[in-house]
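In: any chance you could fold what I've pasted below:
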Amino acid sequence: MRLYPAFFRAAFSWMDAERAHRIGFQLIRAAHRCGAGAVLRRLTRPHQSLATQALGLSFPSPFGLAAGFDKEGHGIEALADLGFGAVEIGTITGSAQPGNAQPRLFRLIEDRAVINRMGFNNDGAAAVAPRIAAARRGLAARYGAQRPVIGINIGKTKVVELDDATEDYLKSTRLLASSADYLVVNVSSPNTPGLRLLQSVDTLRPLLQAVGETADSVAGRHVPLLVKIAPDLSDEDIDDVARLAQELRLDGIIATNTTISRDGLASDSAKVAACGGGGLSGAPLKQRSLEVLRRLRTAVGHDVVLVSVGGVETAGDVQQRLDAGATLVQGYTAFLYEGPFWASRINRGLAKRRR
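Out: The predicted structure follows:
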């Protein structure tokens, strides 16, 4: 299984990053379709000791796949075959949009990092909703009550003005809430102009209230609601978000999204500059993501579920986040470098620590 890093260097490292991602994802989906998923599930299913109760849900493992890998719900069941305790889909917008011009995804291999300015490219909520509903049925049939959890991450359509953002989020909510185990409001991507302005508490409060009320009404049940924040927030802004989460009785906070910082990178500065703008993810986020997690846990006590993401690569990283106060942990960028057995390897490491 550890042959994958060598395979990555030979097969993917020289290839356009977005094309490599597309090919890799197609191979994962093909394995599921041809019946290999049944074998994978036996090999990768998390040990029962990893079962985690959070958000009123049962997660087979505290470790899940962050939003961004499957933006449109094409491969939920295939990704679940690999051992993730949850698969978060998106970011999905109210209307379909192509995203930003290519190239828009870049690897910094020396840093085990990625820069992206994808721009929420997706088919739109109306097209994605039936895919997620079908995946829920498929997972329930295969796993029963212990199925992997499906999160849905929603964002603002690029052409929608900030003043109309709430209604745009509600459009997605009405279409997707019924299929969501939990719903995430993404206001922290750096790749949609002005989006991060919605992280201001005065703007965020009515947005979260409206989305939460609409989601519960549409689904006929409580849909756990989380907000995803940026690592670039000041400590004071993080404290404000924590107070807002408690005020609104928000179910959780996901910390953190990508960063616009380029500090401390090992990659050649000219190469980094050539990538241009966008959000940086991967190993360089590790320290800041951990700092934000610890600050949030101190601020909210045990009232709010915290999902930690950013720079997570190993079982040790996941355990460190759990020890620092995370209820759940997500990863994404290391998946590109470590390959399809990454989640299974992390789950085995976690189970071994617990034994």
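In: burial count for Glu72?
Out: Using other CB atoms under 10 Å, the number of residues around Glu72 comes to 17. All C-beta atoms are positioned from the backbone trio N, CA, C, and that covers glycine.
In: do I have it right that it meets Asp123?
Out: Yes. With contact taken as CB atoms under 8 Å, Glu72 and Asp123 are classed as touching, separated by 5.1 Å.
In: against Gln330, how distant is Leu293?
Out: With the distance defined as CB to CB, to the nearest Å, Leu293 ends up 12 Å from Gln330.
In: same deal with Ile132?
Out: According to CB to CB, Ile132 and Gln330 sit 18 Å apart.
In: thinking again about what came up before, what do Leu293 and Gln330 both touch?
Out: Common contact partners of Leu293 and Gln330 (CB atoms under 8 Å, 6 or more residues apart in numbering): Ser308.
In: tell me where the stretch 151-300 of the chain has helices.
Out: Counting by DSSP state H, counting those that start in this stretch, the segments of the stretch 151-300 of the chain that form helices are 165-176, 201-219, 235-247, 269-275, 286-300.
In: and the ones you listed, which is most packed in?
Out: Per-stretch averages of neighbours, counted by mean count of other CB atoms under 10 Å, single out helix 165-176 among the helices of the stretch 151-300 of the chain, with a mean of 22.
In: angle of that one against helix 201-219?
Out: Going by axes from the mean of the first three to the mean of the last three CA atoms, to 10 degrees, helix 165-176 is angled at 20 degrees with respect to helix 201-219.
In: can you give the contact residues for helix 165-176?
Out: 92-95, 125-126, 128-129, 132, 152, 154-157, 160, 183, 185, 198, 206-207, 210-211, 214-215, 218.
In: buried subset of these, written for PyMOL?
Out: Selecting in PyMOL just the buried members of these, where the criterion is 16 or more other CB atoms under 10 Å, is done with this command:
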select buried, resi 92+93+94+95+125+126+128+129+132+152+154+155+156+157+160+183+185+198+207+211+214+215+218
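In: so of the contacts of helix 165-176, which ones are in strands?
Out: When DSSP state E defines the strands, the subset of the contacts of helix 165-176 inside them is 92, 152, 154, 183, 185.
In: now the residues you listed in CSV, with pLDDT and distance to Thr192?
Out: Compiled in CSV, the ones in strands among the contacts of helix 165-176 are given as follows (pLDDT from 0 to 100; distance: CB to CB, whole Å):
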residue, pLDDT, distance to Thr192
Ile92, 98, 13
Ile152, 98, 17
Ile154, 98, 12
Leu183, 98, 18
Val185, 96, 13
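In: against Asp163, how distant is the residue most central in space within the chain?
Out: Most central in the chain under CA atoms, centre = their mean is Ala66, positioned 2.1 Å from the mean C-alpha point. Distance from Ala66 to Asp163, counting by CB to CB: 29 Å.
In: just Arg104 next, same as before
Out: According to CB to CB, Arg104 and Asp163 sit 27 Å apart.
In: what does Gly339 give?
Out: Gly339 sits 44 Å away from Asp163, going by CB to CB.
In: more neighbours: which of the two?
Out: The residue with more neighbours, out of Gly339 and Asp163 and counting by other CB under 10 Å, is Gly339; that gives 19 against 7.
In: what's the spacing between that one and Leu27?
Out: Noted for Gly339: a distance of 10 Å to Leu27, by CB to CB.
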